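S.K.: All I have is the shape, not the residue letters:
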């Protein structure tokens with residue numbers, strides 16, 4: 001049994017957490033986030049510490065308690081520090097460029113692929129082969145990074161494609177040439 005849901009969440013100074021009508025609102029220096037709470041969980045705030053409680057003692061209630069606590073921690077971290085995902089582009093002639101709110105990817109197709117960043121997400125390209133995604137919502141940042149990676153996922157024979165920084169792509173051996181006697 002996990003005990004994560006029972007751990008209190010410390011709310012740093014400068015962050016405001018409110019619960020109104022089953023929705024939790026978190027506001028900090030980087031922005032505002034909100035999330036609807038499931039009906040079987042409650043969040044109580046006292047002295048800059050938030051505690052997540054559950055109504056029942058069944059397995060699904062325990063799982064929800066841990067989930068809501070983890071989401072609350074992610075929201076607090078997002079409005080204070082923010083989240084960053086970095087991608088690297090591997091391949092001859094493969095590159096990326098930002099034009100306003102759009103990311104233009106040239107990754108071996110006959111045409112460039114344009115990707116529009118959703119609201120709350122900032123995309124940067126410090127180098128032509130590097131893409132940095134920033135935002136306060138951990139889910140959105142991860143989802144945008146995954147969507148960009150899906151444009152050309154790393155292939156196992158040459159290793160070309162878009163991958164997360166530090167991601168290991170195991171290379172396969174190509175076809176072996178048959179020898180004749």
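M.R.: Cool, got the structure. Given the structure is predicted, the values throughout are model-derived calculations rather than measurements. Numbering: from 1, shown residues only.
S.K.: tell me the phi and psi of residue 149?
M.R.: phi -60, psi -30 (degrees, to the nearest 10).
S.K.: Not including adjacent chain positions, what is the nearest residue to it?
M.R.: Nearest residue to residue 149, sequence neighbours excluded (Cβ to Cβ, 6 or more residues apart in numbering): residue 162, at 5.0 Å. Quick note: C-beta positions are derived from backbone N, CA and C, even for glycine.
S.K.: Determine the number of other residues adjacent to the one you found.
M.R.: 24 (other Cβ atoms under 10 Å).
S.K.: Could I get the buried residue list for the longest strand belonging to the chain?
M.R.: Criterion DSSP state E: the longest strand present in the chain is strand 83-90. Residues 83, 85, 87-90 are the ones in strand 83-90 that count as buried (16 or more other Cβ atoms under 10 Å).
S.K.: low-scoring stretches of this protein, by residue?
M.R.: 1-2, 181 (pLDDT under 70).
S.K.: In it, which helix is the longest?
M.R.: Scanning the chain for the helix with the most residues, using DSSP state H, yields helix 59-80.
S.K.: Okay, and the residue positioned nearest the centre of the chain sits in which element?
M.R.: Residue closest to the average C-alpha location in the chain (Cα atoms, centre = their mean): residue 142, at 2.2 Å. Take DSSP states H and E as the rule and residue 142 turns out to sit in helix 138-151.
S.K.: got the angle between that helix and strand 83-90?
M.R.: 10 degrees (axes from the mean of the first three to the mean of the last three Cα atoms, to 10 degrees).
S.K.: Summarise which helices and strands the longest strand of the chain is packed against.
M.R.: strand 130-135, helix 138-151, strand 161-164 (3 or more Cβ pairs under 8 Å, 6 or more residues apart in numbering; DSSP states H and E).
S.K.: Please repeat the previous calculation with a cut-off of 10 Å.
M.R.: On a contact count with 3 or more Cβ pairs under 10 Å, 6 or more residues apart in numbering; DSSP states H and E, strand 83-90 meets strand 95-99, strand 121-124, strand 130-135, helix 138-151, strand 161-164.
S.K.: Paired strands for it, with orientation please.
M.R.: strand 130-135 (antiparallel), strand 161-164 (antiparallel) (DSSP bridges).
S.K.: Give me whichever of those strands is most buried.
M.R.: strand 130-135 (a mean of 21; mean count of other Cβ atoms under 10 Å).
S.K.: Just give me how far that strand sits from the chain centre.
M.R.: The chain centre lies 11 Å from the centre of strand 130-135; the measure is Cα atoms, centre = their mean, to the nearest Å.
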